[in-house]
Structure formats: structure tokens, C-alpha cells
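>>> got a sequence here, can you build the structure:
(one chain, ligands or ions: 2)
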Amino acid sequence: MIIEQLTEPLPGSLMPTLSGSYYHDPAVFALEQERIFEKSWMCVVHAADLAKPGDFKLVQVGREQLIITRNRRGEARAYFNVCRHRGMQVCTTESGNARRFQCGYHAWTYDLDGKLIAAPNLTKMPDVDKDTYGLQTVAVREWLGYIWVCTAEEPPSFEETVLGDVVDRVGEVENLDHYGVENLKLGRRIAYDVQANWKLIIENFMECYHCATIHPELTNVIPQFADGWAAQTKVNSGGVFGEDVEGFTVDGSAGVTKLPQIAPDQDRTYFAITIRPNVFINMVPDHVIVHRMFPTGPKRTYVECDWLFLPDVVDQGMDIDKSVQLFDLVNQQDFDACEKTQPGMESRLYAEGGSLVPAEHHISEFHDWLIKTISPNAQATA
Ligand code: FES
Ligand SMILES: [Fe+2]
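Residues are numbered from 1 along each chain as shown. Ligands and ions are numbered 1, 2, ... in the order given. Next up, the predicted model:
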């Protein structure tokens, strides 16, 4: 395993990528688990998936399995799914509704606030403090209609990290606020099991040098993407729809009801934000698409993609198929490219890495962040 600073610039227009081992070495992935996914704010569950007190869902964050739930007051809560007695997984059902969580081994029982409320013979052990032996709590935030968690003992500032990425991309959080994402409703969700390292997916999302080659439908809607320059290279720059295009749909036909508060420069335009390490947000005038990535191994990433619309659009059963089809196709095209790139990462030809053209140079900032975050002295500087 090599944790290194990026090497000397390549001659001329090209900049270096990370070397191939970053994309397949289990030791690099282990460092990423420990220092990125277990230390960052991770967007894990759509709030509507946990609508009522007691609704719960298990999620994997880094090496940890977590129970995400709502207590009786409806507040989002997250716990390590590890019994405080002898360590069994307390909850073994993927999702559902619970009044309490009872471990299946010796029946230690925890309430929705994680407190230990019952155990065989507990009354004969008065010295056992029920709070101390409650489920271990994980930091939680609700934002954009999603539940975000951080398993770090001292989570980084949500404002500096998550909102910082938003500000870097669109200038101010207000530019995202216009879309009212927290009030939108899930119209469709598609999951993808991608046989590629998570960083290939992020790097792919950050550039549009590939758009002309693999995204004919997308470049029909946003012709400027055919030039290869992503909308992520400049602050608050978006991809403008083509003249004849009526909406962000697979054939450029009109979409559904527009989001009421978007600014004039957000109409007929596509914006994309990458929030490290696991979220992409795509904003168009009538819907918002949110990707959440869950790396499950050095060469495998589970991606959930949500298409969010105004509640009326979903409730009235308006036709969202053409809207969904466009980005579903883009996803399939992108993930196919990532999967076909993954084997090359292990080739000796890629041992020193590849190159970034000028339209991809901004990806090196992601590489710098990654190296800084997983390098051995990262704990002191993170
Ligand atoms: S391991 Fe959970 S009650 Fe014993
Ligand atoms: Fe793409």
C-alpha cells in the first residue's frame, strides 16, 4: 500500500491520477473505512422511510452496522447494532417497526432511546446503570429530508464539511434551499450494485469529458456537455438545456410541475453537487435526484438513487417515467464505464496511475483530500 502525495505534474496538459492500488487494495479500503466513512457525516436514510416512531432500518457505515430509528417524540436516533451484554446484533431484521429492541441471545431489551429497560434478573443487579448499558448512540442530523449520521466519537462540523461542499459547488446554501428538497416526495428509487471502487464513481460524476461518448440522451438535453466541460468546474455553474428542450426527460419532452421557488438562473438548467464522501445531488427545475453510495468492498459499491418531486406530482400519480428514465440511463452508462475501468486499476500498466485532462483537473482536489484524510497523520490534522 502506498499513501503518498501526488507525484510531479505530468508534462503539458495532463495531471496525474491516484495510482491503481488506491482502487483495489484492501489496505487502502480499510483506511478509508476507518478514516473517511466512520468519521464523516453519511447520508443514510430518507426521512419518509422512517415516518413513524419505532420505524427502523439497518444501515452499514464503514465497518459498523447501525440501527436508524425514531423515538416516541419522532426524533431520528441511531445506534450501533451491538448488544451491550455479549455483543450480539440486537436487531436482525432489515427494516420494520419496533416498540423496543430485544436482543435474541439473553433478552436484554432497549427502548427507542437506546436505554436498557429490561434484562433477565436485572433487578438483582442494582449496580448496573441502565443508561451506561444502553445502546451506543451515534450522532444524527436531519437535513434535506434525509437522516445523516456520523459514527465518530467527535463528529466534524456538519456546517464545515457537508454544507462546506455545497458552498464550494453552488456558492451559497441558499442556492440549494430554493429547491426545497426537504419538502419533496420520493417518486422513484432505483438501487445499483456496482462492481467498482467508490472513488471511480465519484470521479466519473465530477467530470463530463465522457459525456459525448457515453451519454447521448443527456447531451441531447444539455448540448454543452458534449464539449466535455462538467458543470462542476466553476462555482455555481450549471448545464443549460438545449433550445428545443422542454424538460429534463429522456427525450427532452416537458417534465412535471416546476419547483416553485427556484431562481431564474436555475430554470432550464442542471446543477450537480458532490458531498463527500457518499452523496450526489442533481437539481433540475422540476425534480431533484439524490444518490447515496455505500461502499461494500474495495471493488464494490451499492448505490441508491432517489427521484424526488413535489408531493402533488407523486400523490396525483403524474407520469414521471420519462424524467426517471433519463438519469437511470445516465446511471447505467456511468456505472458500466466504472465497472469496465475497475479491472484496469489492477493492471501493471496502471501501477503509477493515469492522467487527467484539463476538463478533469478539478478531480485532483478530490485526490488531495483523500490522501490527506487517510494518510497516517490524518488524525492530527482532520
Ligand atoms: S448478547 Fe444480547 S442479551 Fe446477551
Ligand atoms: Fe456520466
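>>> can you classify Ile67 as helix, strand or coil?
Remark: Ile67 carries the secondary structure label strand [criterion: DSSP: H, G, I helix; E, B strand; the rest coil].
>>> was I right to think it contacts Phe56?
Yes: under the contact definition of C-beta atoms under 8 Å, Ile67 touches Phe56, with a separation of 5.7 Å. From N, CA and C alone the C-beta is placed, and that goes for glycine too.
>>> spit out the residues that contact the two alike.
By C-beta atoms under 8 Å, 6 or more residues apart in numbering, Ile67 and Phe56 have these common neighbours: Cys91, Phe101.
>>> now do the contacts for Pro26.
Residues in contact with Pro26 (C-beta under 8 Å, 6+ apart) are Pro298.
>>> and it, how close does it get to ligand 1?
Plainly put, Pro26 is 29 Å away from ligand 1 if you go by C-beta to the nearest ligand atom, to the nearest Å.
>>> do Ser13 as well
In this structure, Ser13 lies at 59 Å from ligand 1, with C-beta to the nearest ligand atom as the measure.
>>> that residue sits in which helix or strand?
Taking DSSP states H and E as the definition, Ser13 sits outside all helices and strands.
>>> can we start the residue count at 31 from this point?
Okay, residue one is now 31; in that scheme the one you just asked about reads as Ser43.
>>> got a pLDDT number for it?
The predicted local confidence for Ser43 comes out at a pLDDT of 91.
>>> contacts only, for it.
Under the criterion of C-beta under 8 Å, 6+ apart, the contact list for Ser43 reads Val387, Pro388.
>>> can you give me the domain assignment for this protein?
71-180, 202-404 (the TED database).
>>> my guess is Leu174 contacts Val211, does it?
Yes: with contacts counted by C-beta under 8 Å, Leu174 reaches Val211, the gap being 4.4 Å.
>>> can you tell which of the domains of the chain is closest to ligand 1?
With C-beta to the nearest ligand atom, the closest approach to ligand 1 among the domains of the chain belongs to domain 71-180: 3.1 Å.
>>> now do the closest one, average pLDDT.
Across domain 71-180, the average pLDDT comes to 97.
>>> show me the strands in the stretch 131-280 of the chain, by range?
If you assign secondary structure with DSSP state E, counting those that start in this stretch, the strands in the stretch 131-280 of the chain sit at 131-132, 139-140, 146-148, 167-173, 176-180, 215-224, 269-270.
>>> which elements pack onto the first one?
If you count contacts as 3 or more C-beta pairs under 8 Å, 6 or more residues apart in numbering; DSSP states H and E, strand 131-132 packs onto strand 139-140.
>>> what comes into contact with the strand it packs on?
Contacts for strand 139-140 (C-beta under 8 Å, 6+ apart): Tyr109, Val120, Arg130, Phe131, Gln132, Cys133, Leu146, Ile147, Ala148, Ala149, Gly164, Leu165.
>>> in JSON lines: those residues, plus distance to ligand 1.
Written out in JSON lines, the entries for the contacts of strand 139-140 read as follows (distance: C-beta to the nearest ligand atom, whole Å):
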{"residue": "Tyr109", "distance to ligand 1": "13"}
{"residue": "Val120", "distance to ligand 1": "7"}
{"residue": "Arg130", "distance to ligand 1": "13"}
{"residue": "Phe131", "distance to ligand 1": "10"}
{"residue": "Gln132", "distance to ligand 1": "8"}
{"residue": "Cys133", "distance to ligand 1": "3"}
{"residue": "Leu146", "distance to ligand 1": "10"}
{"residue": "Ile147", "distance to ligand 1": "13"}
{"residue": "Ala148", "distance to ligand 1": "10"}
{"residue": "Ala149", "distance to ligand 1": "7"}
{"residue": "Gly164", "distance to ligand 1": "13"}
{"residue": "Leu165", "distance to ligand 1": "11"}
